[in-house]
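J.: whatever this is, show me its structure:
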Amino acid sequence: MTPAMNRFADKTVIVTGAGSGIGAAAARRFADEGANLVAFDLDDDTMSEEFSDLGDRLMVKVGDTTDADTVNAIVADAAERFGSVDVLVLNAGIADFGTLPETDQETWNKIMDVNVNGPVHFVRAALPHLKESGGSVVMTSSVSGLGGDWGMTAYNTSKGAVTNLVRSLAIDHGKEGVRFNAVNPCVIRTPLTEEIIEDKTIHDNLKQRIALGRVGEPEEVAAAMAFLASDDARFITGVNLPVDGGVGASNGQPPLS
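T.: Model prediction:
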């Protein structure tokens, strides 16, 4: 269903990780609200076809967010093609299970590179354009960036970094007219979480902890992203918004009945 709002008409929105899951839902949401869409992912298995209805409002880019030269080129191409860069949705990320002793240094470095350095590269490249446009950045953090998970040390650390990165950027660049916020989802139904959700024991445990009694959908995260990026949130910056069905409302104790 196309949103009735048109908050991003004539604005250019770059979405990373746009090929599936939350990124694809975000790309569709911003496009449906009138944006010129720059859809970025590691490959183009689905993006050109998925967003073909946008015509001249679409630019598809393939590459690795951890490569600063690639990121610089994408931002420059977007600005040249559409005339501005107004919104970054920095969603690309990876996860891995393991305690610290179980996580080798190569895996640790890869998670930090994708989840932390990737967004940093985009902010560095786009900040001059965002200052000019009075733009906005929305990053995908996680409830794992607000509190720890068992056996996910590297992922928790990376998302904790993203959580505080948006706060630091918000206070450093607010007077320049650029806003920085993050969404902090719990388990969302995406291809990456399909195996977890289909495990009945895990699914039942998740539902027990989620106040709304179900896992989230990508479109629900995308709606929060669109709000934070829009002028409806023009006095909101430095916020980590839980999109978690009420997980964070609990003090952590299990149900007593």
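J.: just the strands in the stretch 1-150 of the chain please.
T.: Under the criterion DSSP state E, counting those that start in this stretch, strands of the stretch 1-150 of the chain are mapped to 12-16, 36-41, 58-62, 87-90, 136-140.
J.: would you reformat these as CSV and include distance to Pro218, mean pLDDT and mean neighbour count?
T.: For the C-beta atoms, the positions are set from N, CA and C on the backbone; glycine is no exception. Output for those, formatted as CSV (distance: least, C-beta to C-beta, whole Å; pLDDT from 0 to 100; neighbours: other C-beta atoms under 10 Å):
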stretch, distance to Pro218, mean pLDDT, mean neighbour count
strand 12-16, 12, 98, 30
strand 36-41, 14, 98, 28
strand 58-62, 19, 97, 18
strand 87-90, 13, 98, 30
strand 136-140, 11, 98, 28
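J.: of those strands, which is nearest Gly248?
T.: Closest to Gly248 of the strands of the stretch 1-150 of the chain, according to C-beta to C-beta: strand 136-140, at 16.2 Å.
J.: could you dump the strands of the stretch 1-150 of the chain to JSON lines with distance to Glu50?
T.: Below are the strands of the stretch 1-150 of the chain laid out as JSON lines (distance: least, C-beta to C-beta, whole Å):
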{"stretch": "strand 12-16", "distance to Glu50": "12"}
{"stretch": "strand 36-41", "distance to Glu50": "8"}
{"stretch": "strand 58-62", "distance to Glu50": "10"}
{"stretch": "strand 87-90", "distance to Glu50": "16"}
{"stretch": "strand 136-140", "distance to Glu50": "19"}
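J.: of all the ones you listed, which lies closest to Gly213?
T.: Using C-beta to C-beta, the strands of the stretch 1-150 of the chain put strand 136-140 closest to Gly213, at 23.5 Å.
J.: buried set for the next helix or strand after that closest one?
T.: Going down the chain from strand 136-140, the next helix or strand is helix 153-173, by DSSP states H and E. Buried positions in helix 153-173, judged by neighbour count with 16 or more other C-beta atoms under 10 Å: 153-163, 165-167, 169-170, 173.
J.: now swap in stretch 40-58 and tell me
T.: Per 16+ other C-beta under 10 Å, stretch 40-58 contains these buried residues: 40-41, 44, 47, 50-51, 54, 57-58.
J.: also stretch 212-223?
T.: By 16+ other C-beta under 10 Å, the buried positions in stretch 212-223 come out as 215-216, 218-223.
J.: and that stretch, C-alpha only, in CSV?
T.: The C-alpha trace of stretch 212-223 is given here as CSV (Å, rounded to 0.1, in the frame of the first residue of the first chain):
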residue,chain,number,x,y,z
LEU,A,212,3.1,-7.4,21.5
GLY,A,213,3.5,-11.1,21.2
ARG,A,214,5.1,-11.4,17.8
VAL,A,215,8.2,-10.6,15.8
GLY,A,216,8.4,-7.4,13.8
GLU,A,217,8.0,-6.8,10.1
PRO,A,218,10.5,-4.9,7.9
GLU,A,219,7.8,-2.4,6.9
GLU,A,220,7.3,-1.4,10.6
VAL,A,221,11.0,-0.5,10.9
ALA,A,222,10.8,1.4,7.6
ALA,A,223,7.9,3.5,8.8
